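*Asks:* Next comes the sequence, and after it the predicted model I'd like to discuss.
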Amino acid sequence: SDPDLVARATAAKAALGDKVFVLGHHYQRDEVIQFADVTGDSFKLAREAAARPDAEYIVFCGVHFMAESADILTSDTQRVVLPDLAAGCSMADMAALPQVENAWDVLVDLGVADRTVPVTYMNSSADIKGFVGRHGGVVCTSSNAKRALEWAYQQGEKVLFLPDQHLGRNTAVLEMGFSLDDCVLYDPHKPGGGLTPEQLRDARMILWRGHCSVHGRFTLDSVNDVRERVPGVNVLVHPECRHEVVNAADLVGSTEYIIKTIEAAPAGSAWAVGTELNLVRRLALAHPDKQIMFLDRAVCYCSTMNRIDLPHLVWALEELVAGRVANQITVDPDTAHHARVALDQMLALPG
Ligand code: 13P
Ligand code: SF4
């Protein structure tokens, strides 16, 4: 990275001292991650944000929904900054509040809403988390989806899972013993979700039709291809991958789990990793004694995660030094209150 920008980021952080705490998601660029006080998956970063009451400013190097969650979990006097406001998440954008309210109305009309618990993946807007909190549900991340679903099925018989169909299906089928027929796919662009009343009444798991475009690039062919090319390779993927990919993989887990698994792997072992490229490249560099490769031949970065680059980070930090809070992320108090209920429920899950 540009030595001038590195020096400026270092100086700005030093000038701010304990007033600033920089959180970095594992998909961030190397040039940014070097300035993170803590790195983590979505769950760890949410906990870290909640555990820093003394930091006046939380600079979130990640995407919009993560910064919103940090704002919800921190106190009113703390301010959360996202260095580039265009760092969104296409999956989170696939569930808009009016669409989810429509879906809920469909369940109300069928007489099943009172037995349905909404569960939303962290990768959703604060509005959606607020909706889930209002209706007795819970937030989950890729590292606690099973525990969140187990909790939800103690509260009701049916789950409406937002917005990642793959995390929902993979957790229900591969970790909880559901059949594929227990799950239905609700398409928000079709009347009634494109499902019959019987399908909605019978389903135990109503999956929202959302997905991650980055993880959606991995296919069963990617897995078969790497197994052919590299005999003995271990296939390690994120649960946002399609069902057939996760089913064919050896191990599945969050970004933090992926890192810990590679760290614990014996020297000489081979790993094909199905997740965002910044993370896979860093893992390969950090473990030259292991053979670490990207699961697919094509390269895939998360373009929105990549929007946070060193120039944006330097700008955000220097604004704070100058006494200005640029790109502050705020959630309105009513939404934040209900979203916090659903986030706190997640943080209280056992284990
Ligand atoms: P993790 O919680 O595993 O870090 O995943 C977050 C994310 O956005 C993956 O696409
Ligand atoms: Fe969203 Fe996928 Fe990027 Fe994660 S990797 S932030 S789910 S688009």
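*Replies:* Arrived safely. Numbers count the residues shown, from 1 in each chain. Ligands and ions are numbered 1, 2, ... in the order given.

*Asks:* tell me which parts of the protein are close to ligand 2?
*Replies:* 63, 89-91, 123, 212-214, 240, 276, 302, 304-305 (C-beta under 6 Å from any ligand atom). C-beta coordinates here come from the backbone N, C-alpha and C atoms, glycine included.

*Asks:* Please narrow the residues you listed to those residing in strands.
*Replies:* Among the residues of the chain next to ligand 2, DSSP state E puts none in strands.

*Asks:* Pipe those into TSV and attach neighbour count per row.
*Replies:* Formatted as TSV, those follow (neighbours: other C-beta atoms under 10 Å):
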residue	neighbour count
Val63	27
Cys89	23
Ser90	17
Met91	27
Asn123	27
Cys212	25
Ser213	15
Val214	23
Glu240	28
Glu276	24
Cys302	23
Thr304	22
Met305	24
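
*Asks:* Quick check: which of these are also close to ligand 1?
*Replies:* Answer for the residues of the chain next to ligand 2 near ligand 1 (C-beta under 6 Å from any ligand atom): 123, 212, 240.

*Asks:* domain ranges for the chain?
*Replies:* Annotated domains of the chain cover 3-88+305-334, 92-211, 215-294 [automatic domain parsing].

*Asks:* could these be laid out in a markdown table, adding mean pLDDT?
*Replies:* Shown next, in a markdown table, are the domains of the chain (pLDDT from 0 to 100):
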| stretch | mean pLDDT |
| --- | --- |
| domain 3-88+305-334 | 97 |
| domain 92-211 | 98 |
| domain 215-294 | 97 |
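
*Asks:* Go through those and name the closest to Leu347.
*Replies:* The closest of the domains of the chain to Leu347 is domain 3-88+305-334. By C-beta to C-beta, the value is 6.9 Å.

*Asks:* now that closest one, how far from the centre of its chain.
*Replies:* 17 Å (C-alpha atoms, centre = their mean, to the nearest Å).

*Asks:* Leaving out the residues flanking it, which one is nearest to Leu251?
*Replies:* Setting aside the residues directly before and after it, Leu251 is nearest to Leu236 in space (C-beta to C-beta, 6 or more residues apart in numbering), at 4.7 Å.

*Asks:* That neighbour against Ile262, yeah?
*Replies:* Yes: with contact defined as C-beta atoms under 8 Å, Leu236 counts as touching Ile262 (7.5 Å).

*Asks:* Of those two, give the one with the bigger neighbour count.
*Replies:* Leu236 (24 against 21; other C-beta atoms under 10 Å).

*Asks:* Show me which residues of stretch 269-276 are buried.
*Replies:* Neighbour-count burial for stretch 269-276, counted by 16 or more other C-beta atoms under 10 Å, picks out 270-276.

*Asks:* and the residue of the stretch 1-150 of the chain found nearest ligand 2, what is it in contact with?
*Replies:* Nearest residue of the stretch 1-150 of the chain to ligand 2: Cys89, at 3.3 Å (C-beta to the nearest ligand atom). The neighbours of Cys89, taking C-beta atoms under 8 Å, 6 or more residues apart in numbering as the test, are 63-65, 123, 304.

*Asks:* now Val246
*Replies:* Val246 neighbours (C-beta under 8 Å, 6+ apart): 166, 170, 174, 237, 239, 252.

*Asks:* mind redoing it with 10 Å?
*Replies:* 166-167, 169-171, 173-174, 215, 218, 223, 235, 237-240, 252, 274 (C-beta atoms under 10 Å, 6 or more residues apart in numbering).

*Asks:* I'm done for today, thanks for sticking with me.
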